[in-house]
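J.: test case, fold it:
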Amino acid sequence: MTEKNVTGAGVILQTVKGTFLFQERDNNTKIFPDRIANFGGGLEQGETIIQCAVREMREELSLYLEKEDLEEIGAFPEPNMPGDYCQMFLAKRIDPSKLELHEGRSIVELTLEEALQNEKVIDFVKEVLKSL
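T.: So this is what the prediction gives:
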């Protein structure tokens, strides 16, 4: 089996209530403007995929996670980068009141059913959620 070309990390955030937190993206981006997506981003030179996930949560939400807080979900094909994959993680017991949004328009809280039915939620996120 060939190694997947993982170029980024994403995190699905689950609250104590069992709902999920997503980023409503603003329209200042070329990637999924005005859509609902997971938090995360690209791998920086010299960092591991876990370090990338931890850094992205700190930068985007002032959420300080440890590697032990991240459950690996799997590597999924990047929708806008053929041949590349995004390593997805799950972080549980997140308190939305402690988050500070630094990227995007807003933090959106949805149940699993709402996320799977919401037309603004990107298909990539729906595929990840279906695998939980």
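
J.: every contact and neighbour count from this point should use C-alpha atoms.
T.: Will do.

J.: shouldn't Glu60 be within a helix?
T.: Yes. Counting by DSSP: H, G, I helix; E, B strand; the rest coil, Glu60 is located in a helix.

J.: these two touch, right, it and Glu103?
T.: Yes. Using Cα atoms under 8 Å, Glu60 is in contact with Glu103, at 5.4 Å.

J.: neighbour count for those two, which is higher?
T.: Higher neighbour count among Glu60 and Glu103: Glu60, with 18 against 15, using other Cα atoms under 10 Å.

J.: show the pLDDT at the more buried one.
T.: For Glu60, the model assigns a pLDDT of 98.

J.: could you find the closest non-adjacent residue to it?
T.: Excluding its sequence neighbours, the residue lying closest to Glu60 (Cα to Cα, 6 or more residues apart in numbering) is His102, at 4.9 Å.

J.: would you map the strands across the chain?
T.: Along the chain, counting by DSSP state E, strands occupy 5-15, 20-24, 36-37, 39-42, 71-77, 84-94, 106-110.

J.: got a markdown table for these, with mean pLDDT, mean neighbour count and distance to Val54 too?
T.: A markdown table is the format used below for the strands of the chain (pLDDT from 0 to 100; neighbours: other Cα atoms under 10 Å; distance: least, Cα to Cα, whole Å):
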| stretch | mean pLDDT | mean neighbour count | distance to Val54 |
| --- | --- | --- | --- |
| strand 5-15 | 97 | 22 | 9 |
| strand 20-24 | 98 | 23 | 16 |
| strand 36-37 | 98 | 26 | 17 |
| strand 39-42 | 97 | 20 | 9 |
| strand 71-77 | 97 | 16 | 12 |
| strand 84-94 | 98 | 20 | 10 |
| strand 106-110 | 98 | 17 | 18 |
